[in-house]
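Trainee: here you go, sequence then predicted model.
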Amino acid sequence: MEKNNSDDNEILILLEKGNKLFQNGDFKAALLYFDEALLVDPKNSKIWDNRGVALSRVGLQDEAFESFEVALDLEPDNSQAWSNLGVLYASQGRYEEAVNSLEHSLEIVRDNDEVWNNYGTALFSLGKYEEALDSFNHALELNPDNAQAWAGKGSALNFIGDYGEAINSLETFIKLASNNLTPQVEEAWALLFELKMKLGKKEDKPNE
């Protein structure tokens, strides 16, 4: 049976309600609307993708993987589904698979700063600091206000040994994220102090 305009309107309403609940953190309630939308249009890749994210937020990881797989079977060029799948892999410490999924996403859409940031984070977790730095820089070229990319850049620069630029990056992150005193901001302050100590010792060391 083919969809009609009435079905399209119903899907839009259900997605809107589900997305609003998701944004408010009520992931279980959002799932109910996504599942209801799939009863109307079971071949809608976007709905399967949304459902996968909601499932991952309530801890149903296996079901989330299955939902993303359905989304990508229906629409192999769904960049957002590849990205969300990559984030899910990364959350489980499966960084090689995360990198592969995020690369698929970037092959389809190159101008998404969040995907570049997540790609950088996955590369960083694999110890590929130079590549991670390039990815964070891509994210910041697209969106200079991406706080997470500044944090990632600072961490990558620290491991590379460029303490001065790492300090600049972390200070920018703290400035952008200062409205929310999260554990990540506290960690950034601690690393910033450590880097300034390192840089001070490096500058105080006499030339040989």
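Mentor: Arrived safely.
Trainee: okay, CA-based contacts and neighbour counts for the rest of this
Mentor: Noted.
Trainee: this structure: helices as residue ranges?
Mentor: 5-23, 27-40, 45-57, 61-74, 79-91, 95-108, 113-125, 129-142, 147-160, 163-177, 183-204 (DSSP state H).
Trainee: quick check, pLDDT for the nearest residue to Lys43 once chain neighbours are set aside.
Mentor: Nearest residue to Lys43, sequence neighbours excluded (CA to CA, 6 or more residues apart in numbering): Leu74, at 6.6 Å. pLDDT, Leu74: 98.
Trainee: identify the residues contacting the residue nearest the centre of the chain.
Mentor: Nearest to the geometric centre of the chain sits Asn118, at 4.3 Å (CA atoms, centre = their mean). By CA atoms under 8 Å, 6 or more residues apart in numbering, the contact set of Asn118 is 87, 102.
Trainee: one more time with 10 Å, if that's ok
Mentor: Shown in contact with Asn118 (CA atoms under 10 Å, 6 or more residues apart in numbering): 83-84, 86-87, 90, 98-99, 102, 124, 132, 135-136, 139, 148-149, 152.
Trainee: ok, of the helices of the chain, where does mean pLDDT dip lowest?
Mentor: helix 183-204 has the lowest average pLDDT among these, namely a mean of 85.
Trainee: and it, what does it pack against?
Mentor: helix 147-160, helix 163-177 (3 or more CA pairs under 10 Å, 6 or more residues apart in numbering; DSSP states H and E).
Trainee: so for Lys43, which of those sits nearest?
Mentor: helix 147-160 (34.0 Å; CA to CA).
Trainee: could you check how far the closest one is from the centre of its chain?
Mentor: Relative to the centre of its chain, helix 147-160 is centred 15 Å away, using CA atoms, centre = their mean, to the nearest Å.
Trainee: for stretch 138-149, same thing?
Mentor: The chain centre lies 12 Å from the centre of stretch 138-149; the measure is CA atoms, centre = their mean.
Trainee: buried residues, that stretch. List them.
Mentor: Neighbour-count burial for stretch 138-149, with 16 or more other CA atoms under 10 Å as criterion, is recorded at 138-140, 142, 146-149.
Trainee: same thing with stretch 34-45?
Mentor: 34-38, 41, 44-45.
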